[in-house]
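Participant: got a structure for you, letters missing:
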């Protein structure tokens with residue numbers, strides 16, 4: 001489960017600065033249940049990841065939203081069916097067996 005904290009649950013960006021603070025709306029503070037396969041993948045990542053936050057630059061600083069979207073979100077959602085010789089081949093909308 002991921003908890004979006006009511007006081008520190010959102011990364012804000014403004015005028016070239018980033019900070020963690022309350023989400024935009026009260027309803028954004030919530031708990032999000034994750035499927036077991038994703039919990040295991042996140043656990044493996046965090047066990048080898050020296051930073052407090054999951055999605056960071058190589059030096060551990062927070063990613064800008066545009067950088068996150070370009071480097072993490074879009075590749076995860078779109079897959080890489082057209083990439084030549086990727087380390088891991090992924091396809092859009094494909095879930096591990098038993099997860100839907």
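Facilitator: Done, it's in. Owing to the predicted nature of the structure, the values given are computational and were not obtained by experimental measurement.

Participant: where does residue 83 fall, secondary structure wise?
Facilitator: Residue 83 belongs to no helix or strand when assigned by DSSP states H and E.

Participant: err, residue 19, not the other one
Facilitator: Per DSSP H and E: strand 17-21 holds residue 19.

Participant: partner strands of that strand, parallel or antiparallel?
Facilitator: strand 10-14 (antiparallel) (DSSP bridges).

Participant: so what touches the partner strand?
Facilitator: 4, 18-24, 28, 62, 64-65 (CB atoms under 8 Å, 6 or more residues apart in numbering). Any C-beta I mention is one placed from the backbone N, CA and C, and that applies to glycine too.

Participant: if you set the cut-off to 10 Å instead, what comes out?
Facilitator: Strand 10-14 has contacts (CB atoms under 10 Å, 6 or more residues apart in numbering) with 4, 18-25, 28-29, 53, 55, 62-66, 68.

Participant: buried subset of these?
Facilitator: Neighbour counting by 16 or more other CB atoms under 10 Å classes 22-23, 29, 62-63 among the contacts of strand 10-14 as buried.

Participant: the residues you listed into TSV, with extra columns for pLDDT and distance to residue 86?
Facilitator: Putting the buried ones among the contacts of strand 10-14 into TSV (pLDDT from 0 to 100; distance: CB to CB, whole Å) gives the following:
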residue	pLDDT	distance to residue 86
22	96	39
23	94	35
29	95	37
62	89	26
63	90	21
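
Participant: and these, which is closest to residue 92?
Facilitator: residue 63 (21.9 Å; CB to CB).

Participant: so that closest one makes contact with residue 70?
Facilitator: Yes. Counting by CB atoms under 10 Å, residue 63 does reach residue 70; the two are 9.5 Å apart.

Participant: contact partners for residue 28?
Facilitator: Residue 28 makes contact with 4, 6, 9-10, 22, according to CB under 10 Å, 6+ apart.

Participant: could you rerun that using 8 Å?
Facilitator: 4, 9-10.
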